[in-house]
Each structure stands twice: as structure tokens, then as C-alpha cells.
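Colleague: Take this sequence and fold it.
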Amino acid sequence: MVPHDIVLPLPDAPVLQLALLTLAAAAAGLVNALAGGGTLITFPALLAAGLPPVAANVTSTLALAPGYFGATLAQARDLGGQGRRLALLLPPAALGGAAGAWLLLRSGDRAFGALVPWLILFAALLIAVQNPLRAWLFARRRPDAAGAAAAAMHAALPLATALAAVYGGYFGAGLSVIVLAVLGLALEDSFTRLNAAKQAIAFAVNVTAAACFAFSGRADWLAVVVMAIGALAGGALGGRLAGRIAPAALRAAVVTIGVAVALVYLWR
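Modeller: All right, here's what the predicted structure looks like:
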């Protein structure tokens with residue numbers, strides 16, 4: 001049942017509204033599988049459906065959580081040999097995700113709503129620079145990179161991961177880009193293995209935040225269920241279409257949507 005304090009814009013056509021939310025989640029699952037940034041689709045869709053900002057973010061996080069599990073399983077082979085690394089980074093990731101969720105639930109709709117356009121713009125910027133960032137991370141892979149600075153960055157990695165996780169629990173869009181940048185700056189490893197570690201860390205952050213949100217009373221569970229189904233279907237389709245659709249084109253579309261939504265909210 002939809003919470004009584006949520007006003008839905010289509011009271012005479014709830015099935016149509018749920019269908020639109022399912023399509024938005026499917027698009028988000030597809031985009032997440034190929035390019036990243038699906039939250040920039042589901043979050044505005046839930047706002048348009050009439051959910052307050054905090055409830056929209058809570059619902060979006062819960063709906064997209066299964067996709068992070070699927071992405072982690074898909075790269076399980078590349079996680080081999082990274083047990084010690086994950087044992088070091090997953091606890092601060094989980095704690096940071098819980099802290100971000102706690103901050104969101106206590107910030108209130110007015111405070112969070114004021115931050116929404118800036119958070120969306122920040123996430124859109126992260127997604128826009130994803131490819132140049134990857135190229136830069138590849139370029140810095142050199143034998144002489146292990147020095148005092150690299151050692152210091154490696155020592156600070158758990159704290160940096162926790163700080164990134166706080167952002168991920170609070171809003172989430174662009175979290176994967178932040179985590180990948182942190183890992184790439186501190187660790188010397190192949191991009192494939194770092195990307196797999198990033199998936200596991202993002203999964204820990206998202207699942208911890210989702211667990212906190214599940215008992216918050218702020219989720220629209222009907223929307224969560226139908227959107228989770230859509231996200232799973234979109235993710236599966238994205239896996240099949242990998243290599244056939246240019247991720248750059250999807251990324252450009254997501255960035256455009258994000259900037260447009262942010263500008264609308266700034267104008268309001």
C-alpha cells in the first residue's frame with residue numbers, strides 16, 4: 001500500500017503510473033549495466049510520481065539494490081585473490097553506507113530537497129568524466145609508481161573508501177566513479193580487477209544503506225517491488241546488449257537528463 005503522506009499524480013490510473021516507474025527502472029538497469037548512472041533516471045521519475053525527495057531516494061536505493069548484487073556476481077572471477085583487500089575495505093564501506101543512510105533519514109525533505117539539484121549536477125559531472133578518468137588511471141600505471149606518496153595513499157584507502165561510502169549511502173549516483181578513482185589512485189593493479197573490487201564495494205554500500213532504509217518507514221514498497229523487477233530485466237538486457245550499444249551514447253543521454261533535471265529544480 002502506498003503511504004498516506006505520498007500524493008500520486010495519477011490517482012485514476014495507478015497501473016499506468018506503476019508501468020512508467022517500471023520502465024524507468026528498466027532503463028536504469030540497462031544504463032547501469034552499460035554505462036552507469038541509473039539513479040539519475042529512477043530518482044527524478046519517483047519525484048515526478050509525487051514522492052517527497054527523501055522517500056524517492058530511499059525507494060530508488062531499495063529498488064536498484066538487486067542490480068549491484070548481479071554486477072558483483074558477474075565479476076566474481078576477477079575478485080579472485082582480492083580477499084585481503086576486500087576484508088580491509090568492505091567494513092568501512094558498509095559503515096560509510098550506514099552513516100550516509102542515517103544522515104539522509106535525519107536531514108528531512110526540506111534540507112535534502114535543497115541539495116538535490118547540486119547532488120544531481122555532481123553525479124552528472126562524475127559520469128561525464130568517467131572515460132577521461134579511466135584513461136588517466138591507465139596512464140599512471142607505471143613501475144615507479146610505488147613511492148612514499150603511493151604508500152601514503154594506500155594507508156589512507158580505508159578512510160577514503162568510508163568517505164565515498166557516506167556519499168553513496170546519502171545519495172548514491174556516481175558512487176562507482178568515486179570508488180574507482182579512489183582505488184586507482186591508491187592501488188597498483190589491472191583495471192579489470194579494480195573494477196571488480198569497485199563493484200563489491202558499491203554493493204556493500206548499497207546493501208547497507210538499503211537495509212537501513214528498509215526499516216525507516218519512508219519507502220514506497222509497491223514502487224520498490226515493481227521497479228526492482230524492471231531493474232533486473234533492464235540489467236539482464238544490458239548484459240546481452242553489451243558491445244552492441246555504445247556506452248558513450250548512453251552516458252551522454254544520462255548526463256543530459258541529469259543536467260536538465262537539476263536545472264529544473266534550481267529554477268523552481
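Colleague: And the average pLDDT for the helix or strand where Thr42 lies is what?
Modeller: Assigned by DSSP states H and E, Thr42 falls within helix 39-48. Mean pLDDT, computed over helix 39-48, is 90.
Colleague: Please compute how far it lies from its chain's middle.
Modeller: The chain centroid and the centroid of helix 39-48 are separated by 13 Å, computed with C-alpha atoms, centre = their mean, to the nearest Å.
Colleague: what's the next helix-or-strand element following that helix packed up against?
Modeller: Sequence-wise, the next helix or strand downstream of helix 39-48 (DSSP H and E) is helix 53-74. On a contact count with 3 or more C-beta pairs under 8 Å, 6 or more residues apart in numbering; DSSP states H and E, helix 53-74 meets helix 14-34, helix 39-48, helix 83-128, helix 191-214, helix 221-241. C-beta: built from backbone N, CA, C; applies to glycine.
Colleague: Pick the most buried one from these.
Modeller: Burial of the helices and strands packed on helix 53-74 is given as mean neighbour count (mean count of other C-beta atoms under 10 Å); helix 39-48 ranks first at a mean of 25.
Colleague: tilt between it and helix 83-128?
Modeller: 70 degrees (axes from the mean of the first three to the mean of the last three C-alpha atoms, to 10 degrees).
Colleague: What about Asp220, how many residues nearby?
Modeller: 25 (other C-beta atoms under 10 Å).
Colleague: Against Asn32, how distant is it?
Modeller: Per C-beta to C-beta, to the nearest Å, Asp220 is found 20 Å from Asn32.
Colleague: Tabulate the helices and strands packed on helix 53-74 (CSV), appending distance to Thr256.
Modeller: As requested, those are exported to CSV (distance: least, C-beta to C-beta, whole Å):
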stretch, distance to Thr256
helix 14-34, 12
helix 39-48, 10
helix 83-128, 8
helix 191-214, 23
helix 221-241, 19
